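*Asks:* give me coordinates for this.
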Amino acid sequence: MAEPRAANPLVDEFRKGGVPKELRVMAAQGALPLKPEDLVDLLHHLLGDPDESIRQAAEGSLMAFPVDEMLPILRDRATPPAVLSWGLAHRVERELREVALQNTSTPDEAVEATAPSLPEALAELVVINQVRLLRRTSLLEAIESNPELNNDQRRRLRELRETFRIGEEAEPAAAVPQAPPAPAEAAPEEAPAEETFEELPLSEEEAVVRYLSEEERQQTEKVGAVQKLYRLNTAEKVITALKGTREERAILVRDPNRIVATAVLGSPRITEAEIESFASMKNVSDAILRQIGTNRDWTKRYGVVASLVKNPRTPLAISLGMVPRLNPRDIKSIAVDRNVPEAIRKQAQRFIRAAQSGPGERNKH
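*Replies:* Predicted coordinates for the structure are as follows:
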């Protein structure tokens, strides 16, 4: 099975809960300008929203999602299995069901649920997939119950049973090896109340200080941009973070409302160069730095890793694990940098001592 793609940071914020209803309604209506795969992921999450009107809106948006945009999502093995299951069960367009049935990441139980009612041509995709049929006998029984099967399909299923002696001896349930239960996901770390989704009572002057460095406050155009963004409400800021300019994203990533700042990271327009720039900022929240540091796609870029290690605001749990990835020049620089946390500096010093002691000593670290 393909490695699941990194989740969009804004979608993760919705999963954590606490997002204002106004934003959830916009999302359910498909009004957030996200990449198609991220929007579908978010809409699927909103199918479980406690508000019935939001659930209904999300379902309507998913059902109306354009076929040409849904097709690559249901074909992609990195798409979350739950989304693939929903697509197979609820989207009846032949081309969508075809790619979902052929996708090896689509759960067997989802295929089994649709197998008895598939038309002949789509049932063929189940019949020829012996790997699925052999690992899940109930799926074999489900497809055999399909009245649309032709004689050749029934013959091949019968031969499969005979060849592998399926159903000849019913094994006791206790003898069937059970997969160990999936480990429970750790509960998402709750942010302090002031960094969740409540607007802080900042004055315009305080906002300028909060958003901009001392050097940036000398630039009239940047001060003007902050003043313009300051007047927006949360929903307007989120939309601007998702579809605005690079300059607007550089300001909004520092917003005290975490969902606004996270929307910047979730923007389909974000670039790796911007992520590297954010990783070095001293006036973004540690929650933003943690999101950058735990995104496997962004941390493939050396500049992001180096910026996170050098940034004193980066949570130690993130930056400590990245020190070994630095090149010798950066490690030497960090070893004497009084601006980084002492734990980071000491680890860099240990690496230098180990390098000077030779390979045998270095292997101890």
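*Asks:* for residue 260, pull up the helix or strand it's in.
*Replies:* With secondary structure defined by DSSP states H and E, residue 260 is part of helix 258-265.
*Asks:* and after that helix, which helix or strand comes next?
*Replies:* Past helix 258-265, further along toward the C-terminus, the next helix or strand under DSSP H and E is helix 272-279.
*Asks:* buried ones in the helix or strand just after that following helix?
*Replies:* Once helix 272-279 ends, the next helix or strand along the chain (criterion: DSSP H and E) is helix 286-293. By neighbour count, and taking 16 or more other CB atoms under 10 Å as the criterion, the buried residues in helix 286-293 are 287, 288, 289, 290, 291, 292, 293. In short, each C-beta sits where N, CA and C put it, glycine included.
*Asks:* in the next helix or strand after helix 286-293, what's buried?
*Replies:* Note on helix 286-293: by DSSP H and E, the next helix or strand toward the C-terminus is helix 302-310. By neighbour count with 16+ other CB under 10 Å, helix 302-310 contains the buried residues 304, 305, 306, 307, 308, 309, 310.
*Asks:* could you list the low-confidence segments of this protein?
*Replies:* 1-2, 168-201, 358-365 (pLDDT under 70).
*Asks:* mind listing the strands for it?
*Replies:* Counting by DSSP state E, the chain has no strands at all.
*Asks:* and it, what are its domains?
*Replies:* For the chain, the domain assignment from automatic domain parsing gives the residue ranges 9-168, 204-268, 271-365.
*Asks:* okay, those in CSV with distance to residue 3 next?
*Replies:* Shown next, in CSV, are these (distance: least, CB to CB, whole Å):
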stretch, distance to residue 3
domain 9-168, 7
domain 204-268, 20
domain 271-365, 9
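*Asks:* and the gap between the closest residue in space to residue 63 that isn't next to it in sequence and residue 8?
*Replies:* The spatial neighbour of residue 63 that comes closest, neighbours along the chain excluded (CB to CB, 6 or more residues apart in numbering), is residue 90 at 6.8 Å. As defined by CB to CB, to the nearest Å, residue 90 lies at a distance of 22 Å from residue 8.
*Asks:* the two: which is more packed in?
*Replies:* Set side by side, residue 90 and residue 8 show more neighbours around residue 8, with 23 against 12, by other CB atoms under 10 Å.
*Asks:* the helix holding residue 260 - contacts with which helices or strands?
*Replies:* The criterion is 3 or more CB pairs under 8 Å, 6 or more residues apart in numbering; DSSP states H and E, and the helices and strands that helix 258-265 contacts are helix 9-16, helix 234-243, helix 246-252, helix 272-279, helix 286-293.
*Asks:* by how many degrees do the last one and helix 272-279 diverge?
*Replies:* The one in question is helix 286-293. For helix 286-293 and helix 272-279, the angle between their directions (axes from the mean of the first three to the mean of the last three CA atoms, to 10 degrees) works out to 140 degrees.
*Asks:* what's the longest helix in the protein?
*Replies:* The helix of greatest length in the chain, counted in residues with DSSP state H as the criterion, is given as helix 342-357.
*Asks:* ok, now how distant is the residue lying closest to residue 135 once chain neighbours are set aside from residue 145?
*Replies:* Using CB to CB, 6+ apart and skipping the chain neighbours, the partner closest in space to residue 135 is residue 108 (7.0 Å). Distance, residue 108 to residue 145, using CB to CB: 16 Å.
*Asks:* now do the same contact list for the residue nearest to residue 137 when sequence neighbours are not counted.
*Replies:* The shortest distance from residue 137 to any non-neighbouring residue, by CB to CB, 6+ apart, is to residue 166 (6.2 Å). Each residue near residue 166 by CB atoms under 8 Å, 6 or more residues apart in numbering is listed here: 134, 137, 140, 160.
*Asks:* select from those residues the one having the most neighbours.
*Replies:* Counting neighbours by other CB under 10 Å, residue 140 comes out on top of the contacts of residue 166 with 24 neighbours.
*Asks:* list the contacts of that one.
*Replies:* Under the criterion of CB under 8 Å, 6+ apart, the contact list for residue 140 reads 133, 134, 157, 160, 161, 166.
*Asks:* what sits against the fourth one?
*Replies:* Read it as residue 160. When contacts are taken as CB under 8 Å, 6+ apart, residue 160 is in contact with 130, 133, 134, 140, 166.
*Asks:* format these as TSV; extra columns: distance to residue 124.
*Replies:* As requested, the contacts of residue 160 are arranged in TSV below (distance: CB to CB, whole Å):
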residue	distance to residue 124
130	13
133	13
134	17
140	15
166	20
